[in-house]
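**Q** any chance you could fold what I've pasted below:
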Amino acid sequence: MKLDWRSSGKILGLVAGAYLILSYARPVLKMAGRCAAALVPLVLGAAVAYVVNILMSFFEKYYEVICRRAAIRRLKRPLCLFLAFLTVFLVLVALCQMLVPQLLGCVDLILQRFPDTFDIVYDWLEKRYQISAYLSEQVLAWTADPPSWDHILEDAFSAALVGISEAMSSLGTVFTSAFSVLFNTVIALVFAAYVLMRKEKLGRDLTCAAVRFIPDKARNRLSHIVRTLDLAFHRFIVGQCVEAVILGFLCIVGMWICRLPYAGMVGCLIGFTALIPVAGAYIGAAAGTFMIFTVSPLKAAFFLVFVFVLQQIEGNLIYPRVVGNSMGLPGIWVLAAVVVGGAAFGIPGILLGVPLAAAAYQLLREELG
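**A** Numbering: from 1, shown residues only. Modelled structure (predicted):
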């Protein structure tokens, strides 16, 4: 088979490209990692903008109905953006106000009961293993052949130096991490606000770029995929938030009727953790059981029964109506998305797994007809 100069050039180009990739793979990967790290605040800002846009669109819808004057309507976008961010901030502050004092009180109660718990554990060890006799033998052995005080002081000084060095290193790491998190958060919020203020212009620019560089068939297919993803994520976020509020409210009311302690805190905690699909409410229930156990083990057992009944009501009545069929994803695939996403990417994988799986399921159904 004869090769023309164009085919030979392509082969040589592929060989040269493969050689360069293999030769400079490590620095290229290192540079790609740095670029990915630099993009983290922008990706986070885009995610924040997507979530806040749901609230902002809601406020804009009713703003046009209430404010009909032209002078006031010009303020629609900045005012609705401010209200959306303010709503998110107030929700977070309210959760902290309800959770943090109760958690501190629970920790204080545990610390107060720690001496009694220690005595119970020591008595159990004494009955089962005669720990006092073992400790007496160790003390007698140490007093019979006491170590040199020079060695003791030298070891203590060395341990203190190592501890101080590790503490300073850990403190520096903590300050660096805190500054990095603060910097990324500020950049993400600024980027999110910029995107939301100019979302229509950004959408037009992206559409023009797609028309210019992407063929019509591929562009239409890509547009359909993006719309499917947007619908899946929108339904998931709205449905999960509504379902979490309902579940938390029912938990607070039920615990108040049953006279269980920490009703407000545990209800808010279960509602907040219910934002995590499938496993979230159980995480909140486990934490609530532990906190109630510090007050009364019997009430903690009753709380477990109450949460089990509430979960059945939520899973069979509330979730199918609020989220359920709107996602269009069978239950087995929801569980699979949560397990695979959590194993691969942790909490972000759990949160993103369900809407991504729902979008993929919808696209696959369209392909199979």
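**Q** assess the claim that residue 42 and residue 184 are in contact.
**A** No - taking contacts as CB atoms under 8 Å, residue 42 lies outside contact range of residue 184: 9.5 Å. (Glycine included, C-beta is placed from N, CA and C.)
**Q** per-residue confidence for residue 187?
**A** Per-residue pLDDT puts residue 187 at 90.
**Q** dump the residue contacts of it.
**A** Neighbour list for residue 187: 41-42, 45 [criterion: CB atoms under 8 Å, 6 or more residues apart in numbering].
**Q** switch to 6 Å and redo it
**A** residue 41 (CB atoms under 6 Å, 6 or more residues apart in numbering).
**Q** would you mind giving the secondary structure of it?
**A** Three-state assignment for residue 187 (DSSP: H, G, I helix; E, B strand; the rest coil): helix.
**Q** cool, the one 5 residues further on as well?
**A** Under the three-state scheme (three-state DSSP), the conformation of residue 192 reads as helix.
**Q** how many residues are close by it?
**A** 24 (other CB atoms under 10 Å).
**Q** now residue 53
**A** 18.
**Q** nearest spatial neighbour of it, skipping sequence neighbours?
**A** Among residues not flanking residue 53 along the chain, residue 196 sits closest, at 6.0 Å (CB to CB, 6 or more residues apart in numbering).
**Q** wait, doesn't that neighbour sit right on residue 81?
**A** Yes - assessed by CB atoms under 6 Å, residue 196 is found in contact with residue 81 at 5.5 Å.
**Q** circling back to that earlier point, the residue nearest to residue 53 and residue 363: what is the separation?
**A** 28 Å (CB to CB, to the nearest Å).
**Q** any stretches of this structure with poor pLDDT?
**A** Low-confidence segments of the chain (pLDDT under 70): 1-10, 20-25, 28, 65, 67-73, 99, 102-157, 277-279, 315-331, 369.
**Q** return the distance of residue 58 relative to residue 177.
**A** Taken as CB to CB, the span from residue 58 to residue 177 is 35 Å.
**Q** out of those two, which sits in the busier spot?
**A** residue 58 (15 against 10).
**Q** what about that one, which helix or strand?
**A** According to DSSP states H and E, residue 58 maps onto helix 25-66.
**Q** that helix: how far from the chain's middle?
**A** Relative to the chain's own centre, helix 25-66 is displaced by 15 Å; criterion: CA atoms, centre = their mean, to the nearest Å.
**Q** repeat for stretch 165-179
**A** 24 Å.
**Q** same check on stretch 350-358?
**A** So, by CA atoms, centre = their mean, the centroid of stretch 350-358 is 13 Å from its chain's centroid.
**Q** may I ask which helix or strand encompasses the closest residue to residue 287 other than its chain neighbours?
**A** In space, not counting the residues next to it along the chain, residue 287 is nearest to residue 269; the distance is 6.0 Å by CB to CB, 6+ apart. In the assignment (DSSP H and E), residue 269 maps to helix 263-273.
**Q** go on, residue 180?
**A** Per DSSP H and E, residue 180 falls inside helix 149-197.
**Q** show me what counts as buried in the following helix or strand past that helix.
**A** Counting by DSSP H and E, the next helix or strand C-terminal to helix 149-197 is helix 199-213. By 16 or more other CB atoms under 10 Å, the buried positions in helix 199-213 come out as residue 210.
**Q** helices or strands next to helix 199-213 in the packing?
**A** Packed against helix 199-213, as judged by 3 or more CB pairs under 6 Å, 6 or more residues apart in numbering; DSSP states H and E, are no other helices or strands.
**Q** gap between that helix and the chain center?
**A** Computed by CA atoms, centre = their mean, the chain-centroid distance of helix 199-213 equals 31 Å.
**Q** only C-alpha atoms, please: export that helix in CSV.
**A** Taking C-alpha atoms only, helix 199-213 is exported to CSV below (Å, rounded to 0.1, in the frame of the first residue of the first chain):
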residue,chain,number,x,y,z
LYS,A,199,-26.2,35.2,33.0
GLU,A,200,-28.2,36.2,29.9
LYS,A,201,-25.1,37.8,28.3
LEU,A,202,-23.0,34.8,29.2
GLY,A,203,-25.6,32.5,27.7
ARG,A,204,-25.7,34.5,24.5
ASP,A,205,-21.9,34.4,24.2
LEU,A,206,-21.8,30.6,24.8
THR,A,207,-24.5,30.1,22.2
CYS,A,208,-22.6,32.2,19.6
ALA,A,209,-19.4,30.3,20.3
ALA,A,210,-21.2,27.0,19.9
VAL,A,211,-22.8,28.1,16.6
ARG,A,212,-19.4,29.2,15.4
PHE,A,213,-17.3,26.2,16.3
